[in-house]
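**Student:** based on what follows, work out the 3D shape:
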Amino acid sequence: MLTALGIDVGTTNTKVVLVDVLTPSVLAVASAPTPAPSDMAGVLAGLVGRVLRAPGEGPAPVAVGIASMAETGVPLTADDRPRGDWLRWDGHRAGAEAAALAARIGREELFAATGVRASAKIPLATWEWLRTHEPDALHAGAGRWAGAADLVGLLLTGRLATDHTLAGRTGAYRLGRPGALPAAFDPDLLAEVGLVLSRVPDVLAPGELLGTVVDGPFPAAGLPAGTPVTIAGHDHPVGTWAAGVREPGQSADSVGTAEAVCSVLVADPEPGPVAAAGMSLVRTVTGAHPALLAGSSSAGGAVAWWLTAHAPDADVDALMAEVEALGDAPLDPFVLPYVHGRQTPAPDAAATFRRVGEAAERPPRDEAFALLAGLSLQARWMLDEQGRLAGTAAATSLTVLGGPMAANPAWRRLKARVTPVPVRLVAEAEPVAAGAALLAAQRVGAVDEAPALPSVDVPGPSGPEGRDVAAALARFVEAATAGVHAS
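**Tutor:** Residues are numbered from 1 along each chain as shown. A predicted model of the protein is given here:
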């Protein structure tokens, strides 16, 4: 048996898994609500101890891989202690700063350089906000910025560094060419917000290791000192790679609290239309290929919000079984599933959650069906737009992954129904953490190429797309884009 440890610092929970690399399969999982940065060492050491004890006697992990949410971090003091809580991707604090940066640098120029839009979520805007509102946090003294995965890496190894997929979400790292990525953050972009290279993490080359586990809480939890550690990267690209979506023409739909559709491309499309659509240009975790990334904050989070607001006492499993039993019921009414605006396509910060179609409210089973139909149509719209932007069919197949997909057959069935290409499911409930472990094993040379996580076909309609799907998608897009507000 060949094992590796994977860590995923998510928006809601932090997960640690122990993976049998050769199978590949997850041997043990432990999770906890993502703690404040100051509590991360203790919480994470506890999770590591739980997964290493669970399988009983066996080989020590050959490596540790760390993935995390992007656009989230914390300033550090001169002695590398976190200052306060996470400044998260969904904080919305830096909207005015993002607009000012776009005006100063040029909105189109910034996107062409970095592949990300000037928005409140990018750390470049957060750093400008800190300069104005909390200058002692990062700009004064000898402090540094640590992204979520970077902080975990620092705790494990004593070195602060990130990888290109996370650096690429900051707005301060240039895209570069596949196979020839920049070796550091961009000094000119950092200077726009009053920072220098010493204030941000090093950037690891694709495949480069961060360091090894140092003495402290993690060896005490059973992870041997000297174990190699790598920053696997941004959660969605890591999950995409783990699912076997590694070559042009393949797409992945990664669903958690948020949702991301990622399509691997042969070449970069024109940046202007990508920016206008609210998507990002990125590189795969290996750095070998360009990709389009479309994100939606309304996925598992929208389902959780709806259940709390409209069915607080429901037996969720029983309710979703009733939804699945509806089969191919009409895709009308449906829900526009925007709890916090829409990032893409047709960005609209003011987009709201609303029901479209039959006026009379129906039983919870039918309302839940309308919600999942809306979420599935939103993902289909993102996939179609990626094909349009790439100038070709964006995908020959779609692989879906993430805890909500593994746990909800009703949602899977609707996704397969509205998706125009074959759909496969990665049933592993923690694909990002597992992918981080697989990448780590590959990067230390334990395997030449780590296998993809197992997947199975998701049954869908046979034959051409039904007219009902085409009509529902057209109605969905029309309703979503009616009176779009600029973002």
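**Student:** for stretch 202-218, give me every contacting residue.
**Tutor:** Defining contact as Cβ atoms under 8 Å, 6 or more residues apart in numbering, one finds that stretch 202-218 is touched by 41-42, 44-45, 48, 64, 153, 155-164, 167, 173, 181-185, 219, 223-231, 285-288, 443-444. For every residue, glycine as well, the C-beta is placed using N, CA and C.
**Student:** buried stuff in it?
**Tutor:** Neighbour-count burial for stretch 202-218 flags D202, V203, L204, P206, L209, L210, G211, T212, V213, P217, F218 (criterion: 16 or more other Cβ atoms under 10 Å).
**Student:** again with stretch 80-93
**Tutor:** P82, R83, W86, L87, R88, W89.
**Student:** surely L101 meets E128?
**Tutor:** Yes - counting by Cβ atoms under 8 Å, L101 touches E128, with 6.2 Å between them.
**Student:** which neighbours do these two have in common?
**Tutor:** With Cβ under 8 Å, 6+ apart as the test, L101 and E128 both reach E192, V193.
**Student:** where exactly do the strands run in the stretch 151-300 of the chain?
**Tutor:** 161-163, 202-204, 211-212, 228-234, 250-255, 259-264, 280-283, 290-296 (DSSP state E, counting those that start in this stretch).
**Student:** what sits opposite R177 in the beta ladder?
**Tutor:** A180 (DSSP bridges).
**Student:** burial count for it?
**Tutor:** Per other Cβ atoms under 10 Å, the neighbour tally for R177 reads 11.
**Student:** can you go through the contacts of stretch 202-218 and name the buried ones?
**Tutor:** 41, 44-45, 48, 64, 153, 155-157, 159-164, 167, 173, 181-182, 185, 219, 223, 227-231, 285-287, 443-444.
**Student:** out of the residues you listed, name the ones that lie in helices.
**Tutor:** Among the buried ones among the contacts of stretch 202-218, DSSP state H puts A41, L44, A45, V48, G153, L155, L156, T157, H164, A167, P219, R443 in helices.
**Student:** hang on, V282 packs against H289?
**Tutor:** No - using Cβ under 8 Å, V282 makes no contact with H289, being 9.7 Å away.
**Student:** in the longest helix seen in the chain, what's buried?
**Tutor:** Criterion DSSP H: the longest helix present in the chain is helix 364-390. Buried residues in helix 364-390, counted by 16+ other Cβ under 10 Å: 364-387, 389-390.
**Student:** need the next SSE after the lowest-mean-pLDDT helix or strand in the chain, C-terminal direction.
**Tutor:** The weakest-scoring helix or strand in the chain, judged by mean pLDDT, DSSP states H and E, is helix 403-407 (a mean of 90). Moving toward the C-terminus from helix 403-407, the next helix or strand (DSSP states H and E) is helix 409-418.
**Student:** could you give the average pLDDT over that next one?
**Tutor:** Average pLDDT, helix 409-418: 94.
**Student:** what's that helix in contact with?
**Tutor:** 253, 320-321, 323-324, 326-328, 331, 368-369, 372-373, 375-377, 379-380, 400, 404-405, 423, 425, 458-461, 469, 472-473.
**Student:** quick one: distance of it to the chain centre.
**Tutor:** A distance of 21 Å separates the centroid of the chain from that of helix 409-418, by Cα atoms, centre = their mean, to the nearest Å.
**Student:** any idea how far G445 is from V285?
**Tutor:** 17 Å (Cβ to Cβ, to the nearest Å).
**Student:** mind listing what the residue nearest the centre of the chain touches?
**Tutor:** Ranked by distance to the mean C-alpha position of the chain (Cα atoms, centre = their mean), the top residue is H236 at 3.4 Å. By Cβ under 8 Å, 6+ apart, the residues touching H236 are A252, S254, A260, C262, L293, G295, V432.
**Student:** kindly recompute the last result at 10 Å.
**Tutor:** Neighbour list for H236: 67, 69-70, 165, 169, 252-256, 258-262, 282, 293-295, 401-402, 432 [criterion: Cβ atoms under 10 Å, 6 or more residues apart in numbering].
**Student:** for it, give its distance to D90.
**Tutor:** H236 sits 15 Å away from D90, going by Cβ to Cβ.
**Student:** again with L453
**Tutor:** According to Cβ to Cβ, L453 and D90 sit 27 Å apart.
**Student:** what do you get for G158?
**Tutor:** In terms of Cβ to Cβ, G158 sits 30 Å off from D90.
**Student:** now for G483, how many residues are close by?
**Tutor:** Neighbour tally, G483, other Cβ under 10 Å: 7.
**Student:** an error on my part: the question was meant for A329.
**Tutor:** 15.
**Student:** show me the contacts for the residue lying closest to it once chain neighbours are set aside.
**Tutor:** Excluding the flanking residues, the one nearest A329 by Cβ to Cβ, 6 or more residues apart in numbering is F369, at 6.3 Å. Counting by Cβ under 10 Å, 6+ apart, F369 touches 320, 322-326, 329-331, 333-335, 362-363, 410, 414.
**Student:** wait, which of these is closest to T396?
**Tutor:** L414 (21.1 Å; Cβ to Cβ).
**Student:** distance of the nearest residue to the closest one once chain neighbours are set aside from G466?
**Tutor:** Spatial nearest neighbour of L414, chain neighbours left out: S376 (4.3 Å); criterion: Cβ to Cβ, 6+ apart. Per Cβ to Cβ, S376 is found 14 Å from G466.
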